[in-house]
Structures are given as C-alpha cells and as structure tokens.
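Undergrad: dropping a prediction and its sequence here:
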Amino acid sequence: MKIIALSFFFTALINVSFSQTTSDHQENSSNKLFFTQCLINNLTEANMDELKARLSANTEIKTIRINPEEKRLFILTNPIETLNNSILLGWIGDFSDTISCIEIGVWGVDQVSTFPFSNCE
C-alpha cells in the first residue's frame, strides 16, 4: 500500500514540476534573438566608431560587427519581442540615411544572406 501511495505522490510531483517548466518557457517564447544586416554608405571611420558606440550602449543589442571594407553592419539582438526597420533605424539615429539593403531575420531560423546582396534595392 505504501508503494502505491508513494508512486502516486512521485507521479503527481513530476507532473507539477513539468507543467511549471513548460509554462515558464511559454511565457518567454515570444522573445527571440534577431539578426539584422545592412550596407552602410558614406560614413567616415569616426562616424563608424560613433555608430558602434551608440549601438553598444543599447541593452537590446548583444553583438555588433561593422566591416568598413565591405560597408556592412551586422547586429545580433538579445531576446526581444520584435525587430523591424523602424526600430532598427531608431537605434541607428542620425546615421539612418546612410543605411540601405536592410535584412532582418530570426537568429537560428532565417538564413543570413551573404554579401553582396543579390536582392538589394
């Protein structure tokens, strides 16, 4: 009888633990890592340094890579709810008029295009 009672107890305990883990995961599943890449045109080295410093101060951004030779900007976000052109251009601020060929995707889901973009406007 003790064995049956203990079996029910442990089964119930495992089910409660599993359901809590699942619900915690579901609450955070709307936040994703995003990547964005684009071309940056007509920026001096000092402007690129300023842009990198500005983006580095943003807590929603995890990684920033600026390649001056290819005129490429690559950003990987921390987990956030969404990323679109308006948000990206807001992060970039005064330099937004130097940005072209924006690509945004979900990290680990969408493929990152190689440069040069073949579908660039």
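TA: It's in.
Undergrad: tell me where the chain has strands.
TA: All strands of the chain, identified by DSSP state E, fall at 34-40, 61-67, 72-77, 99-106.
Undergrad: so how far is the second one off the chain centroid?
TA: So that's strand 61-67. In terms of Cα atoms, centre = their mean, to the nearest Å, the centre of strand 61-67 is found 11 Å from the chain centre.
Undergrad: for it, which helices and strands make contact with it?
TA: Packing partners of strand 61-67 (3 or more Cβ pairs under 8 Å, 6 or more residues apart in numbering; DSSP states H and E): helix 45-56, strand 72-77. (C-beta placed from N, C-alpha, C; glycine too.)
Undergrad: beta partners of the residue nearest to residue 113 when sequence neighbours are not counted?
TA: Leaving aside its sequence neighbours, residue 113 sits nearest to residue 103 (Cβ to Cβ, 6 or more residues apart in numbering; 5.8 Å). For residue 103, the beta-bridge assignment (DSSP bridges) gives partners residue 37.
Undergrad: next, count neighbours for residue 91.
TA: Residues near residue 91, counting by other Cβ atoms under 10 Å, number 20.
Undergrad: rewinding a little: how about the residue nearest to residue 113, what does it touch?
TA: By Cβ atoms under 8 Å, 6 or more residues apart in numbering, the contact set of residue 103 is 36-38, 112-113, 117.
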